[in-house]
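**Q** A structural model of the following input is requested.
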Amino acid sequence: MTTTFLRVLRYFSPVCFLLLCCITSVLAAEGGSPSLDIPAFWISPFAALLLCIAVLPLVAHHWWESNRNRALVSGFFALIFAAYMLIAFGQAGGVALLHAVLYEYLPFIVLLAALFVISGGIYIKGSLAGTPLSNSAILIIGGILASFIGTTGASMVLIRPLLRANQAREKKVHLVVFFIFVVSNCGGLLTPLGDPPLFLGFLKGVPFSWTMRLWKEWLLVNIILIVLGNVVDQYIFDREEKERKGSQLEQVMEHEPLGILGWHNFLFLTGIVLVILGKGQSWGGEWPFGVQEILMTVITLAAYFSTKKEIRAANCFTFAPIIEVAVLFAGIFITMIAPLTVLNVHGKELGLTEPWQYFWGTGLLSSFLDNAPTYLTFAATAAGSMGVSVESQKYLAEFLAAGGTQAAEILVAISCGAVFMGANTYIGNGPNFMVKAIAEENKVKMPSFFGYMAWSGAILMPIFLVVTLVFF
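**A** Numbering: from 1, shown residues only. Below is the predicted model of the structure:
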């Protein structure tokens, strides 16, 4: 434990230093996020960081595998932008930085870490039969679970049972690809727990139950994907049956009885949901800052220490994936102050007026940038177009109240674009890379970055055109 702690501390040292600078600069401040006039040039640290996240895994794969190196890159751009903010705006810049770290980054990463750690203590032993029908059943279960334990949680719980069920089969790439489409992305549309963009929207004032209105979009996309996945799987299964010696069906029908180890962690997941609901509904009055995060941390620690080490070992659980997300998003949340501010002020100049424009704008950027900051960027743009300032902590609540039906339609489009199109590339959403890595550990040769895009382009883009015609 001591070694792990020291390693995490080393990864976070640039962020800790930045946070110290922020606190020092705002000791005399009186809260709130100040009004800042940031030149458009200072979007460049944000853009450069996201470009590094997209390109470095391709051109410097082994170097980028180290979380220490990821932290160096993230901290480098964060410190450049923080230095500019402190020099250009002094105390006001420090307030904005501290606000981004404490009120936006901290709740975001605490929730992701809670879902990741708790779900890592749930092990589904045995296996299902590796038939197309059983594989579709896993996608259905995952598509539902994703909205309630998060796309990260559902992906981590179900990807290994899917791979074990199909261990005897030769061609499994398509199974992992459709798993990423449904469980790691499109299934997480119904609650703020489902996907990071929706949770950020919740933190900005979107009511917890508001996303349940997206059930029609969720149902259409996931039904199409599951049916199409079954057709593709059945075709490949039948072809293997003809090409291979012996009976393919007999081999995949051999499976061990199912069981769940660490089932008590579902109680801890329920606790996380109750904390989110309590914060959103302000049970007992407005919660002071930090209460939600402390409660989540306590629940997470209880789950971690009450789960047998053997269960986490069976899941091949390590902290590396969540550390990766934490160090990268620390830099993202700090540097994205600039694009959020600029777009809020100048968003009208983009000419976005219709929901379908927001759907495709948010979605296409979510494909190559991370979908969480992309959601906030377009939400800020929409809010600014209706005269709502992002200076308010709950500006999306004000946006929905001020814009009525039009604002709701636009936010629906932004939410769908961010969640659905995060599936277009490996870098669109955090779980995508996690699932790819686990599949490759299990000897599944996953497609390259552009090979995966060939799958998503052929399958997802026509579906999103249907979504546009039906809903936007």
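**Q** who are the neighbours in contact with the nearest residue to Met85 once chain neighbours are set aside?
**A** Closest residue to Met85 apart from its sequence neighbours, by Cβ to Cβ, 6 or more residues apart in numbering: Gly93 at 3.4 Å. Bear in mind the C-beta positions are built from the backbone N, C-alpha and C, glycine included. By Cβ atoms under 8 Å, 6 or more residues apart in numbering, the residues touching Gly93 are 25, 36, 84-87.
**Q** do the same with Trp64
**A** So Trp64 contacts 56-57, 70 (Cβ under 8 Å, 6+ apart).
**Q** Of these - the most surrounded one?
**A** Arg70 (24 neighbours; other Cβ atoms under 10 Å).
**Q** tell me the secondary structure for that one?
**A** Going by DSSP: H, G, I helix; E, B strand; the rest coil, the secondary structure assigned to Arg70 is helix.
**Q** ok, it to Tyr123 distance?
**A** According to Cβ to Cβ, to the nearest Å, Arg70 and Tyr123 sit 28 Å apart.
**Q** for Ser209, same thing?
**A** Taking Cβ to Cβ as the measure, Ser209 falls 32 Å from Tyr123.
**Q** more neighbours, those two?
**A** Between Ser209 and Tyr123, Tyr123 has the larger neighbour count (other Cβ under 10 Å), namely 23 against 13.
**Q** Let me see the ranges of the strands in the stretch 301-450 of the chain.
**A** Using DSSP state E, counting those that start in this stretch, no strands are found in the stretch 301-450 of the chain.
**Q** Low-confidence stretches in it?
**A** 344-350, 369-370 (pLDDT under 70).
**Q** mind listing the helices for it?
**A** Remark: helices assigned in the stretch 301-450 of the chain by DSSP state H, counting those that start in this stretch are 309-314, 320-335, 337-346, 355-368, 371-385, 395-421, 430-441, 449-471.
**Q** could you say what helices and strands the shortest one packs with?
**A** Read that as helix 309-314. Identification of packing neighbours for helix 309-314 by 3 or more Cβ pairs under 8 Å, 6 or more residues apart in numbering; DSSP states H and E yields strand 123-125.
**Q** repeat for the longest one
**A** With contacts taken as 3+ Cβ pairs under 8 Å, 6+ apart, helix 395-421 sits against helix 196-203, helix 215-243, helix 355-368, helix 371-385, helix 449-471.
**Q** Report the inter-axis angle for that helix versus helix 337-346.
**A** Per axes from the mean of the first three to the mean of the last three Cα atoms, to 10 degrees, the angle that helix 395-421 makes with helix 337-346 is 110 degrees.
**Q** Now do the buried residues in helix 395-421.
**A** 395-400, 403, 407, 409-421 (16 or more other Cβ atoms under 10 Å).
**Q** And the one helix or strand Met85 maps to, what's buried?
**A** Per DSSP states H and E, Met85 falls inside helix 67-89. Neighbour counts over helix 67-89 (16+ other Cβ under 10 Å) mark 67, 69-71, 73-82, 84-86, 89 as buried.
**Q** contacting residues around Tyr123?
**A** By Cβ under 8 Å, 6+ apart, the contact set of Tyr123 is 260-262, 311, 314-315.
**Q** now those residues: which count as buried?
**A** By 16+ other Cβ under 10 Å, the contacts of Tyr123 give 261-262, 311, 315 as buried.
**Q** got CSV for the residues you listed, with distance to Ile337 too?
**A** What follows is these, written out as CSV (distance: Cβ to Cβ, whole Å):
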residue, distance to Ile337
Leu261, 43
Gly262, 39
Ile311, 40
Asn315, 37
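**Q** if we can go back for a sec, Ala154 is nearest to which of the helices and strands packed on helix 395-421?
**A** Relative to Ala154, the nearest member of the helices and strands packed on helix 395-421 by Cβ to Cβ is helix 215-243, separated by 12.5 Å.
**Q** one step back: what angle do the helix holding Met85 and helix 320-335 make?
**A** 10 degrees.
**Q** Look up which residues are beta-bridged to Ile260.
**A** Ile124 (DSSP bridges).
**Q** I'd say it and Ile124 touch.
**A** Yes. With contact defined as Cβ atoms under 8 Å, Ile260 counts as touching Ile124 (5.8 Å).
**Q** center of this structure - which residue?
**A** In the chain, the residue lying closest to the centroid (Cα atoms, centre = their mean) is Pro196, at 4.2 Å.
**Q** Excluding chain neighbours, what is closest to that one?
**A** Spatial nearest neighbour of Pro196, excluding adjacent residues (Cβ to Cβ, 6+ apart): Ala372 at 4.0 Å.
**Q** give me the number of residues near the one you found?
**A** Neighbourhood size, Ala372 [other Cβ under 10 Å]: 26.
**Q** swap in Leu365?
**A** Using other Cβ under 10 Å, Leu365 has 21 other residues around it.
**Q** And what about Arg169, helix, strand or coil?
**A** Applying three-state DSSP: Arg169 is coil.
**Q** how much space is there between Ala96 and Ala326?
**A** Distance from Ala96 to Ala326, by Cβ to Cβ: 21 Å.
**Q** ok, now Leu112?
**A** When Leu112 is compared with Ala326 (using Cβ to Cβ), they lie 8 Å apart.
**Q** Flag the shaky bits of the stretch 151-300 of the chain, pLDDT-wise.
**A** Applying pLDDT under 70 to the stretch 151-300 of the chain picks out residues 244-257, 280-286.
**Q** 90 instead?
**A** 152-161, 163-172, 193-196, 199-200, 202-205, 207-209, 236-263, 266, 269-270, 272-293 (pLDDT under 90).
**Q** Thought Leu214 was touching Leu190, still the case?
**A** Yes. At 6.5 Å, Leu190 counts as touching Leu214 under the criterion of Cβ under 8 Å.
**Q** and those two? which has more neighbours close in?
**A** Comparing Leu190 with Leu214 by other Cβ under 10 Å, the one with more neighbours is Leu190, at 24 against 21.
**Q** buried set for stretch 270-282?
**A** 271-272, 275-276, 279-280.
**Q** In CSV: the contacts of Trp64, plus pLDDT and distance to Phe319.
**A** Listed next are the contacts of Trp64 as CSV, based on pLDDT from 0 to 100; distance: Cβ to Cβ, whole Å:
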residue, pLDDT, distance to Phe319
Leu56, 85, 21
Pro57, 76, 20
Arg70, 89, 14
